[in-house]
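Asks: sequence unavailable; structure follows:
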């Protein structure tokens, strides 16, 4: 999809798509790290 948009010079759409991908990745990383901390807090501190 990105390749065809770039070939058609629709860089505005590519830019918007890039922002969506970045937001999705950041959200996924946030959720994963939050779950990791939640799991780690189940155990007593050494």
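Replies: Happy to help now that I have it. If you're wondering where the values come from, they're calculated on a predicted model, not measured in any experiment.

Asks: in the chain, which spans are helices?
Replies: Using DSSP state H, the helices found in the chain span residues 2-7, 11-40.

Asks: mean pLDDT and mean neighbour count added to these, as JSON lines?
Replies: Backbone N, C-alpha and C define where each C-beta goes, glycine included. Shown next, in JSON lines, are the helices of the chain (pLDDT from 0 to 100; neighbours: other Cβ atoms under 10 Å):
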{"stretch": "helix 2-7", "mean pLDDT": "85", "mean neighbour count": "11"}
{"stretch": "helix 11-40", "mean pLDDT": "95", "mean neighbour count": "11"}
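
Asks: contacting residues for residue 40?
Replies: If you count contacts by Cβ atoms under 8 Å, 6 or more residues apart in numbering, residue 40 has none.

Asks: from residue 33, how far out is it?
Replies: 10 Å (Cβ to Cβ, to the nearest Å).

Asks: same question, residue 11
Replies: Separation of residue 11 from residue 33 (Cβ to Cβ) stands at 32 Å.

Asks: and stretch 24-40, how far from the chain's centre?
Replies: What separates the centre of stretch 24-40 from the centre of its chain is 11 Å, taken as Cα atoms, centre = their mean, to the nearest Å.

Asks: go on, stretch 2-10?
Replies: Per Cα atoms, centre = their mean, the centroid offset for stretch 2-10 relative to its chain is 22 Å.

Asks: again with stretch 36-46
Replies: Taking Cα atoms, centre = their mean, one finds the center of stretch 36-46 at 25 Å from the center of the full chain.

Asks: what does stretch 14-21 contact?
Replies: Residues outside stretch 14-21 that contact it (Cβ under 8 Å, 6+ apart) are 1, 2, 5, 6.
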